[in-house]
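Need coordinates for the following:
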Amino acid sequence: MLTLAFAAVTALLATATLMPVLRSGAWWIRGFDFPRLQLLLLSALVLALQLVFHPIDDPWTTAIVIVNAACMLWQAWWIVPYTRIARVEVADAPADARTRIRLLASNVLMTNRDATPLLEQVRAHRPDVLIAVETDAWWEARLDTLSDLLPHAVRCPLDNLYGMHVYSRLPLHDAQIRYLVEDDIPSVHATLELDDGRRVALRALHPRPPSPTESDGSEERDAELVLAGRAAQASDLPVIVAGDLNDVAWSRTTRLFRKLSGLLDPRIGRGMYNTFHARLPGLRWPLDHLFHSRHFTLVGMQRLEHVGSDHFPILVELALSPGCNDPDAGLDADAADQAQAREALEDATFSADATARG
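Modelled structure (predicted):
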């Protein structure tokens, strides 16, 4: 009886482990990209219980142990880079690096009507740039009170959970609100002028997630990441891409974005920095991201305290110090990746307005 129980649980874990391998955008398949750590821990628990309570003395029990171990190893392959076991991808900033930029990104949760915790964090940490998503007109009125610290702004208040605001201490040039794929999902594109006059391309994103309440599939999200990745690769300026991407750092689609863009992830070798879900400690994963070109090194990165949202804010400080990162850092796109990117764009449904603007 115990053998059947362990076999049934192991079969479920193996199915959940293999689901992301399927090249489908269906939300109920793509959702298995997220809980890799949780699935690894469940496989480890089942394996430990079997070793303690059930002898490994026949082919069935041996097979169950092997399958569970294989599940653990497969999940670990994806998430170990986001632990301190791995080598860091982004070098620590040199002590004498003077040109720095500090960014704070927060999904505020549109229905959250207490702006005070976030406003206090902004005033405490004094970022050069604040990226806020899920912002409507109510949130805009509260965030505008930060104009003494962050006088430059791009505002796109929406009541559909996809509003976006960017506030900056630094001058913003060529600022645009663009709808890359869907005509109700904005992104902000601007050029930041740093204190020493050098300029940086900033891209703020918040694509729609695959979920039963948002979108049946991930096609539109995946296409937006492809477009953003290609734009970053084509930029002549140092690039920062940040926001709630509604995708985990280790997913196939985020890895494709990193390959297409050539951008680096400062979390690699340092930690997951899980930002969602703020109210469910056992079910958290990294949805809020900041990627950057190899022009930057890392001064510091931290997940901030809860601000009443279902996301934690994240604070990242970078130094503009070209030549300090390993020239081989990051991921490279091959022919198969380029084909996958073309397929992602073909599978997405572009709105008429978005096609014209994107």
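
Could you check how far stretch 99-115 is from the centre of its chain?
Centroid separation for stretch 99-115 versus its chain: 15 Å, with C-alpha atoms, centre = their mean, to the nearest Å.

oh sorry, the question was meant for stretch 37-46
Worked out by C-alpha atoms, centre = their mean, stretch 37-46 lies 23 Å from the chain centre.

Can you give me the buried ones in that stretch?
For stretch 37-46, the neighbour count (16 or more other C-beta atoms under 10 Å) marks 37, 39-40, 42-44, 46 as buried. Heads up, the C-betas are built off the backbone N, CA and C, glycines and all.

just those now: which is nearest Asp174?
Leu37 (39.8 Å; C-beta to C-beta).

okay, now Ala91: neighbour count?
When neighbours are counted by other C-beta atoms under 10 Å, Ala91 registers 19.

One more: Asp288?
Asp288: 25 neighbours (other C-beta under 10 Å).

ok, now which ones touch it?
With contacts defined as C-beta atoms under 8 Å, 6 or more residues apart in numbering, Asp288 is in contact with 105-107, 243-245, 275-276, 311-314.

next one: Gln121
104, 304-305, 307, 313.

For those, work out which two are farthest apart.
Taking C-beta to C-beta, no two of these sit farther apart than Leu104 and Glu305, at 12.2 Å.

do you know how far Ala5 is from Leu42?
Distance, Ala5 to Leu42, by C-beta to C-beta, to the nearest Å: 14 Å.

cool, and Trp77?
Distance from Trp77 to Leu42, by C-beta to C-beta: 17 Å.

And Tyr82, by the same measure?
Counting by C-beta to C-beta - Tyr82 and Leu42 are separated by 18 Å.

Can you name the next helix or strand after the helix or strand where Phe6 lies?
For Phe6, the element it lies in under DSSP states H and E is helix 2-18. Counting by DSSP H and E, the element after helix 2-18 in chain order, helix or strand, is helix 27-30.

quick one: buried residues of that next one?
27, 29-30.

Then stretch 262-279?
262-270, 272-278.

domain parsing for the protein?
Structurally, the chain divides into domains by automatic domain parsing as follows: 2-82, 100-347.

now the helices for the stretch 101-250 of the chain?
116-125, 137-143, 219-234 (DSSP state H, counting those that start in this stretch).

hang on, the earlier thing: of the buried residues of helix 27-30, closest to His54?
For the buried residues of helix 27-30, the nearest to His54 is Ile29 (31.8 Å; C-beta to C-beta).

Just the pLDDT for that closest one.
At Ile29, the model reports a pLDDT of 95.

Also Asp57?
pLDDT at Asp57 comes out at 79.

now the one 4 residues further on
The per-residue pLDDT reported for Thr61 equals 88.

What residues does it make contact with?
3, 6, 50, 54-55.

Now the two most distant members of these.
Phe6 and Pro55 (11.7 Å).

follow-up on the earlier one: of the contacts of Gln121, just the buried ones, PyMOL syntax please.
Buried members of the contacts of Gln121, defined by 16+ other C-beta under 10 Å, are picked up in PyMOL with:
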select buried, resi 104+304+307+313
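
Brilliant, that's me finished.
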